[in-house]
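attaching a predicted model along with its sequence, questions to come.
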Amino acid sequence: DFSPNGYQLATGSQDHTCMVWDLRMSPRKMHCGQLYTVAAHKSLVSKVRYAQWAAGPVLLTASYDKSVKLWSADSGANAALLTCLEGHEGRVMGADLMPATGHVVSVAYDRTIKIWKMDMDSFDGDAMEVE
């Protein structure tokens, strides 16, 4: 997924990481270099998503390890973990952020959808399950 500033691209991987790439363009060629790697999960990273949150840009990662994590994603050279959302009993296959309402949505192989209401300042979340 592309960062809110459009200069970075985040990708998930089977090696349990999320890589963030710098896509800045020069007049002669596009520069594409790895900016940093996030040791994000204990299994395959199935989804990555950027969003502009009230506190700044946020990177979401979801994984086969049954968790969803939110990371601060400023333009620096790393990402800091904000929160880990756990509660699925199967691999998390998809997730998305809704910054305007303060929600994170996740869907997993356990045939559930979880809607996490996030505290906009502390990133603590409570889940509502949809079956």
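On my side now, so go ahead.

measure Leu9 to Asp15 for me?
Between Leu9 and Asp15 the distance, using CB to CB, to the nearest Å, works out to 17 Å. For glycine as for every other residue, the C-beta is placed from the backbone atoms N, C-alpha and C.

which of those two has more neighbours?
Shown here are Leu9 and Asp15; by other CB atoms under 10 Å, Leu9 has more neighbours (17 against 11).

so the more buried one makes contact with Arg24?
No - counting by CB atoms under 8 Å, Leu9 does not reach Arg24; the two are 11.1 Å apart.

average pLDDT across stretch 69-86?
Stretch 69-86 carries an average pLDDT of 82.

from the chain's centroid, how far away is it?
Stretch 69-86 sits 8 Å away from the centroid of its parent chain (CA atoms, centre = their mean, to the nearest Å).

contact partners of it?
3, 5, 7-8, 10, 18, 20, 35-36, 38, 40-41, 50, 55-63, 66-68, 97, 104, 106, 114, 116, 118, 123-125, 127 (CB atoms under 8 Å, 6 or more residues apart in numbering).

flag every buried residue along that stretch.
Neighbour-count burial for stretch 69-86 flags Lys69, Leu70, Trp71, Ser72, Ala73, Ala79, Leu82, Thr83, Leu85 (criterion: 16 or more other CB atoms under 10 Å).

ok, stretch 37-55 next?
Residues Val38, Ala40, His41, Leu44, Val45, Ser46, Lys47, Val48, Arg49, Tyr50, Ala51, Trp53 are the ones in stretch 37-55 that count as buried (16+ other CB under 10 Å).
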